[in-house]
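Q: sequence unknown, structure follows:
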């Protein structure tokens, strides 16, 4: 019995190492678009009708906290960027390329 538990634990760790996900993460369904939008709004702290400028300002506030150069992690930074991109893509007529972070 103990050998079986050790084997299962080793397989779980190998799966995490090799594939980047825990085995039980594959059992969870992918979030719907509305769930992803809700999580992005919650992460950035903006309301459902937030404008482009509000989303960008919220993203800048969040990245000041989670940027790897300031003690944050790259995963948190990637999540913040993904939330910004998702919310900007939902705005009518908006494009992610013009997010105000690039030089003219």
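A: Arrived safely. Keep in mind that what you see is a predicted model, and the values were worked out from it rather than measured.
Q: what's the residue most central in space within the chain in contact with, if anything?
A: Here the mean C-alpha position of the chain is nearest to the C-alpha of residue 79 (C-alpha atoms, centre = their mean), at a distance of 2.5 Å. For residue 79, the residues meeting the contact criterion (C-beta atoms under 8 Å, 6 or more residues apart in numbering) are residue 43. Backbone N, C-alpha and C define where each C-beta goes, glycine included.
Q: Kindly report the same for residue 63.
A: With C-beta under 8 Å, 6+ apart as the criterion, the residues that contact residue 63 are 77, 80, 81.
Q: how does it look with 7 Å?
A: Applying C-beta atoms under 7 Å, 6 or more residues apart in numbering, we find residue 63 in contact with 77, 80.
Q: Okay, it and residue 7: tell me how far apart.
A: 42 Å (C-beta to C-beta, to the nearest Å).
Q: Likewise for residue 1?
A: Noted for residue 1: a distance of 11 Å to residue 7, by C-beta to C-beta.
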